[in-house]
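J.: fold the following, please.
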Amino acid sequence: MSTKAELMRRLEGHVARLEGGELSGDAHKRARKRIMAKIGAIKRELSQCQDEKTSAAPVATSRAPRPTGDAGRAERTKAIGVKSEQTANRADDMDVESGGHGVAAERKRAIKGVESSMKQKIHGESSERKGKRRKLDLERATSQPAPTDSEATMLSLEMAALAPPMDKAKRKKKLKHLNAQLSQLAQRKQLAAALKAFTKAEKSGLVDAHTYANMMNAYVRCGDVNGCSEMFARLRKRGLTPGVVHFTVHLKGLCEAGRVQEAAKTLAVMSTAGVVPNLRTLNTFLRGCVRAGETTLAETAFSKFRSVWNVEPDASSYEALGTLLSQELQLSEHLELIRQLRAAVDTVASNSTLAKALGGEVDAASNPAMYLACARAATLLGEWDIATTAVAMARGELDHDRFLRRQHESSDATNSSGGRERARSMRQFARHRLEELKREADFLESYIVAEAKAAENPSTHLSRLFSTYRRVLHFGQAYTPLDPAALATHLVGELNRFGFARAAKSLDVKLAKLAEDVESSVANCVGVDGRLDLCALFPHSELPLKLELCAGSGEWAAAQAAGDASRKKGANWVALELRTDRVHDCFTHAVFGRLENLAVIGGDAAAILESHMPRCAHSIYINHPEPPERTGGVDDSEGHHLLTSKFFTVMKQVLLSTGQITLVTDNLAYGKSLALTASAAGFRSVEGAQSEDYPGAVHLLEGLPGPDFGHSTEASSYFDRLWNEGNKVTRYWFAVMPSDT
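T.: Numbering: from 1, shown residues only. Here you go, the predicted structure:
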């Protein structure tokens, strides 16, 4: 039989081959299995060596009389010390042979801890000595350098090798429990707790591919895409093969961070690795394209999924593609897509055997959102006949019962689990979506009728469209800092995400100067220091500037701007939103509302305010900010959120000396957390927004702020109506200003 040192050297060699990555991929699957089998055999031999040594020890002492009383206690104490020293020496010998000095120190501390606890059982220990010993152990443990990844891996393998093999059924049960725990922690965005449980399980070898998928999802839900990428690499380093779930979660993280170009590269890596994506992968990527306004990438992926991977798009896939075509005002392409969908309906009607193959097209053809997106693009371009027809087609698909039934069937197909609460939430959202679609159809219909009745000259409408383009500054979610000249070029180019180039093609020679004026206006608002001259965007630059952050689709800001435009003491408004699709919604509200006092900025508010916004805001408004966790505040969640103490400090730098911030939320716990954050960042409640019963510098009040705090025009937003649908009608707010003013 081989010596223990030789066995450990062989074990280390096999582990190094697995961790080195030379055997990754499906081509080396059989080789990995053979090495794992060899590792298992070495573990069994090590276990036998341990059993032989322990079984021989009792024979020599079994007939000796056992001392009793004080002498017995002293003898047992001495024996424990000798045995522990011998164990430590053997551990040192084995560790030196394997080259793991950090592991030896770790093992020594563990053995000394066992010795100390056994002595305590014999002699007892005072509470004072216990406290001193624990403090000393803590200082000693924290002073030691943490073991490296390779040392930790070897330690876990050695412990697993020397421990008795776990029963398969027991291991399966423990893995199931661990993965369920990690999934729940990820849902709650409790990353630290999830990482602690995962690290402990990984050291003991109790992890599988699902465990890594759950940890990747935890990082994604907490807005840490870099952590997700590191966990993905860790999975491959351990010799596990990533599957479609791992790639899709990684894809989701990149898309939510706005890094859609990197997500497209991940799809290419996925293809090279031989992993076949599914419908969820496609829709995850398309949603990312909608958020970032990446129409070309979406069209390429849409085609590749069908032709290369045989993944048939569903109604959600077609809706995402239609939304992107509408945003870029690609009206002819959108109309062609609708014709294809309607043709599929006619084909299935004449040949029912093709219903399954053309199911995605048929479902998409009955989706009213497809036609409303087309109507919106046609209305922006002044194509009144096309817009009228598209709205009429949407009306035909907005039958209440039929629409809700389709939504329920779709949600059942994609969410087979979740219980009653999940089903109730899906029904509520389906009802809300139906009402929102009807609301948009009503608005477009009335707007088109009013414009057609006025017999407005198309050139007048296009002039209004290009006037609004002058007040759109889109940085993009994944924007990286640029010098002023490059930034000006970037902002002009980004207008194409909202159809600027397409709309410019429709201009005749007389109106061609409109496009040149837009480019000049956008470029000239960037100062030599990279700061934005926002007042220069408006016809009346002398008016106060009000800024709404996290503006969503821009309904609230548009309503306030419209109200201020009709008042003697008006104001200019800026709506700032992260997602490109919502920036487009803000843009359309400005066009349809003829709002010359509303500008739209797209991008990360933290980066834009800190690097590009001068001290110019009279007021800042934040309505229904997204909390790190919907069921709590910030104390029990590591979820990413905008309104940190640092961001409140950044807002203070943008406000004028008499400026104020007004915030409204429906989440009481989050509201309390934000009040404390604002107070710690140097803010206090303004006069009239205080309560005698409320402690602290910032007072959180129930209800809604009135005209004195910027809410001059009664208006609702998408999320307002969604919360009302679920009877969530209570609101909380505070209005603050810097404490030093």
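J.: what's the burial count for residue 642?
T.: When counting by other CB atoms under 10 Å, one arrives at 15 neighbours for residue 642. Where C-beta positions appear, they are placed from N, C-alpha and C, glycine not excepted.
J.: list the contacts of it.
T.: By CB atoms under 8 Å, 6 or more residues apart in numbering, the contact list for residue 642 reads 549-550, 605-606, 625-626.
J.: neighbour-wise, give me the winner out of the residues you listed.
T.: Result: residue 549 is most packed of the contacts of residue 642 (other CB under 10 Å), 25 neighbours.
J.: so after the lengthiest strand in the chain, what's the next helix or strand?
T.: Longest strand in the chain by number of residues (criterion: DSSP state E): strand 655-665. Counting by DSSP states H and E, the next helix or strand C-terminal to strand 655-665 is helix 668-680.
J.: next SSE after that following helix?
T.: Using DSSP H and E, the helix or strand that follows helix 668-680 in sequence is strand 683-685.
J.: report the strands that pair with that next one, each with its relative direction.
T.: Strand 683-685 has the following sheet partners, assigned by DSSP bridges: strand 732-738 (antiparallel).
J.: ok, the nearest residue to residue 466 once chain neighbours are set aside - contacts?
T.: Distances taken as CB to CB, 6 or more residues apart in numbering place residue 514 nearest to residue 466, at 4.2 Å, with adjacent residues excluded. Applying CB under 8 Å, 6+ apart to residue 514 gives the contacts 462-463, 466, 504, 507.
J.: tell me the buried residues in stretch 699-715?
T.: 699-701, 705, 709-713, 715 (16 or more other CB atoms under 10 Å).
J.: please work out the average pLDDT along that stretch.
T.: Mean per-residue pLDDT for stretch 699-715: 91.
J.: for that stretch, list the C-alpha coordinates in CSV.
T.: What follows is stretch 699-715, C-alpha atoms only, in CSV (Å, rounded to 0.1, in the frame of the first residue of the first chain):
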residue,chain,number,x,y,z
HIS,A,699,-39.5,64.1,9.0
LEU,A,700,-41.3,61.4,7.0
LEU,A,701,-45.0,62.4,6.6
GLU,A,702,-48.0,60.5,5.4
GLY,A,703,-50.0,61.7,2.4
LEU,A,704,-48.9,63.6,-0.7
PRO,A,705,-46.9,66.9,-0.9
GLY,A,706,-48.9,69.9,-2.3
PRO,A,707,-48.1,72.8,-4.6
ASP,A,708,-45.8,74.4,-2.0
PHE,A,709,-43.4,71.4,-2.5
GLY,A,710,-43.5,71.2,-6.3
HIS,A,711,-46.6,69.0,-6.8
SER,A,712,-48.5,71.8,-8.5
THR,A,713,-50.5,69.7,-11.0
GLU,A,714,-52.4,66.5,-10.0
ALA,A,715,-51.0,63.7,-12.0
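J.: list of residues touching the one helix or strand residue 230 maps to?
T.: Taking DSSP H and E as the criterion, residue 230 maps to helix 225-237. Contact with helix 225-237 is made by 19, 21, 24, 191, 209, 212, 215-216, 219-220, 242, 246, 249-250, 253-254, 256-257, 259, as judged by CB under 8 Å, 6+ apart.
J.: how about stretch 662-677?
T.: 619-625, 627-628, 630, 632-635, 643-645, 648, 696, 698-700, 704-705, 709-711, 723, 728, 730-735.
J.: give me the buried subset of the residues you listed.
T.: For those, buried by 16+ other CB under 10 Å: 619-625, 627-628, 632-634, 643-644, 648, 698-700, 705, 709-711, 723, 731-735.
J.: for residue 642, pull up the helix or strand it's in.
T.: Applying DSSP H and E, one finds residue 642 in no helix or strand.
J.: and the contacts of residue 514, which is closest to residue 34?
T.: Proximity of the contacts of residue 514 to residue 34 was ranked by CB to CB; the top entry is residue 504 with 64.0 Å.
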